[in-house]
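[1] Need coordinates for the following:
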Amino acid sequence: MNEDLSLLLTDVDALIAKHHQNKGAEKFRSPVDYLADMFETEKPVAHLPWSKMHGEFSLRPGEVTIWAGDSGAGKSMLVGQMIGWLLRTQRAVIASMEMPPPVTLSRMIRQCCGNASPARDWVERWVRWAHGRLYIYEASDMVPADEVLAATAAAANVLGLDHIVIDSLMTVSIDSREGRMA
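    Coordinates of the predicted model:
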């Protein structure tokens, strides 16, 4: 038998022995054990602004949605429009490590007002309206994964935000040489 396989089987045997005598069995539950909690923990659904999407797609606070596509396909634009819409009733943070915060905000404001060159007073009113609803995570280039996770936890647990946008996951640094986060 191959030496590596033998070591692996020894490790598996040790793991089984360690958790023998029904250890870990207390973690198994029946769905009925969660019945009462299911209705209490239901999150509010955030519908998109497009009525054709209602019932087809929605966003729930605490859930992960990943948007994928080629560079320049419009992911950031779509997410900016959605967050602009959601800010009417919910709070969010955008971590756009690919664009400086003023560029992210300017783009989002242009989308929200439907004008490529909004008047300064309109921009100022929108920024004041977004205060307390929208946050910008200031970072650029590659950001260590543990920093992004800590910021995400703070956005949810400290600020109580409903939506966290990380644009883009390609800017999250993971040290692949050691198989762990940088």
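
[2] Leaving out the residues flanking it, which one is nearest to Leu159?
    Tyr135 (6.6 Å; CB to CB, 6 or more residues apart in numbering). C-beta coordinates here come from the backbone N, C-alpha and C atoms, glycine included.

[3] just checking, what packs against the helix or strand hosting that neighbour?
    Element membership of Tyr135, judged by DSSP states H and E, is strand 134-136. Packing partners of strand 134-136 (3 or more CB pairs under 8 Å, 6 or more residues apart in numbering; DSSP states H and E): strand 92-96, helix 101-113.

[4] C-terminal to that strand, which secondary structure element comes first?
    Strand 134-136 is succeeded, C-terminally, by strand 143-144 (DSSP H and E).

[5] do you know how far the residue nearest the centre of the chain is from Asn157?
    Centroid check for the chain by CA atoms, centre = their mean gives Ile164 as the closest residue, at 4.6 Å. According to CB to CB, to the nearest Å, Ile164 stands 11 Å off from Asn157.

[6] Can you give the distance from the strand holding Tyr135 to the centre of its chain?
    14 Å (CA atoms, centre = their mean, to the nearest Å).

[7] next one: stretch 95-110
    17 Å.

[8] Please apply the same query to stretch 163-170.
    Worked out by CA atoms, centre = their mean, stretch 163-170 lies 6 Å from the chain centre.

[9] number of nearby residues for Ala36?
    9 (other CB atoms under 10 Å).

[10] Could you pull out the helices in the protein for me?
    Counting by DSSP state H, one finds helices in the chain at the ranges 3-18, 35-40, 75-86, 101-113, 120-130, 145-157.

[11] Start and end of stretch 128-140, how far apart?
    By CA to CA, to the nearest Å, the extent of stretch 128-140 from end to end equals 25 Å.

[12] Please point out which parts of that stretch sit buried.
    For stretch 128-140, burial by neighbour count (16 or more other CB atoms under 10 Å) applies to 130, 133-137, 139.

[13] Could you do stretch 116-130 as well?
    Result for stretch 116-130 [16+ other CB under 10 Å]: buried residues 118, 123, 126, 130.

[14] Redo these as JSON lines? Include pLDDT.
    What follows is the buried residues of stretch 116-130, written out as JSON lines (pLDDT from 0 to 100):
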{"residue": "Pro118", "pLDDT": "91"}
{"residue": "Val123", "pLDDT": "91"}
{"residue": "Trp126", "pLDDT": "92"}
{"residue": "Ala130", "pLDDT": "93"}
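
[15] which one among those residues gets closest to Ile83?
    Ala130 (9.9 Å; CB to CB).

[16] May I have the residues that are in contact with the closest one?
    Residues near Ala130 by CB atoms under 8 Å, 6 or more residues apart in numbering: Leu87.

[17] For the remainder of this discussion, apply numbering that starts at 55.
    I'll keep to 55 as the first residue from here, and by that count the last item is Ala184.
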